[in-house]
Each structure stands twice: as structure tokens, then as C-alpha cells.
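**Student:** What follows is a protein structure lacking sequence information:
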């Protein structure tokens, strides 16, 4: 490499970066950097030579830049693998039933509906009120005294008069008695996954649930058949 190719001012790293900007389609690595470094050594001012410390600092700077580039490439590979894993996970969920933390569910009243209530501690009485789409209470499931934990309940799809209600979306409100006070409780209800939305930025998967809208994957407690 000719001396004219190397400037008399600025570090080798700066000239390496400028050359890299000009030749974006050419791979530049340690060999290119070392050629620039040797050329600078050959053309330095003999009356004011650069100290060893200056060259060591330039080498350290170059190693840092190269390390950052490798780190960026590694992170890119990790993100690519993460997106592929998300796509595989999404394909396995479509068409399956999941249990999520929710208070609404699509109910086929021709069959017994099963859900569960998260009871934080022993309760003297736990019950679940069932609401229709108009917001009216149509049924009440009395679970009685319950220990703390995930407690199951069933609804036969009938109202308080014993009449079978039409299938559709229903809301479930669970409550429990604790030391003479009534407290609202979380319910875990089934839902069918119609499709899955992948976030192109690598965010959380969104499940598109039949008749219920979307829910993040983090709400899923159990993946069924």
C-alpha cells in the first residue's frame, strides 16, 4: 500500500472507518487495519514519532469496534432464532383450547361448562354468578366452602328456572367470603385459539380467541387439546 493512501493526521482507526465508509461493499478486517497501521508507522514524522502507548490505544479501539460488530451479529442471530421459535409455537396453538385468566367465555350450553376459581385462602363460601350478553344474572353456581388454591366449578348451561340457555358469550364473576367480608376472585376459563398474531418487533404473541378477541400469551395458564 502506497504512502499516499495514508493520511499524516488522525489515528489508524479513524482512517480505517473512513475507508470502510467509502468501500461499503468490501469486507475490511484485521489485515486491512494492520496494513494501515504499518503504513502509518512507515510515514510518521521521525522527529515526532508516535509512542507505543498511542498504537496500543488504537489497537484497543479497533478491538472494541470489532467486538461490537460481532456482538451485533450475534444478537441478530439470537433474534432470528427467537422469531422462528415464536412461529413454531404459534403454529402449535392454532385450533387448540387454552385456559386463560379471563371473566368471559364462549359457552356451548348443550354441554357442561367447566372453569376454575383462584381462591387465595380458605373461604367459608365461594360462588360464581353467570351473566348474559345483556348484563343480567342468569345463573349462580354455589361452590360452598373451599380451601385455598385453584378450585374447579361446573355450569350446566341452564338458568335458575332449569331452562337451557342459548349458546354464546357469557361473563363469569366469582366471589368468596373471607372473615365475614366478600372478595372478588379471579376465574380461569377455556377459549379456542383461531389464529395467532406474531409481533414483527419480537414482542409477545397475541392469541386470537374465538368470539373473545385477542389475549397475550402470558395469560395462558394451560394449553389443552
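**Tutor:** It's in. Owing to the predicted nature of the structure, the values given are computational and were not obtained by experimental measurement.
**Student:** Break this protein into its domains for me.
**Tutor:** 3-92, 97-223 (automatic domain parsing).
**Student:** And the ones you listed, which one averages the lowest pLDDT?
**Tutor:** Note on these: domain 3-92 shows the lowest mean pLDDT, a mean of 60.
**Student:** residue boundaries of the strands in the chain?
**Tutor:** 97-101, 104-107, 113-119, 123-131, 137-146, 149-155, 168-178, 181-197, 206-209, 213-216, 220-223 (DSSP state E).
**Student:** among these, which is nearest residue 162?
**Tutor:** Closest to residue 162 of the strands of the chain is strand 137-146 (Cβ to Cβ; 10.1 Å). (C-beta placed from N, C-alpha, C; glycine too.)
**Student:** That closest one pairs with which strands?
**Tutor:** strand 123-131 (antiparallel) (DSSP bridges).
**Student:** which outside residues touch the partner strand?
**Tutor:** For strand 123-131, the external contacting residues (Cβ atoms under 8 Å, 6 or more residues apart in numbering) are 115, 117, 119, 137-146, 148, 151, 153, 155, 170-178, 185, 187.
**Student:** Would you mind listing which of those are buried?
**Tutor:** Buried members of these, scored by 16 or more other Cβ atoms under 10 Å, are 115, 117, 119, 138-139, 141, 143, 146, 151, 153, 155, 170-172, 174-176, 178, 185, 187.
**Student:** Quick check: the gap between residue 128 and residue 194.
**Tutor:** 26 Å (Cβ to Cβ, to the nearest Å).
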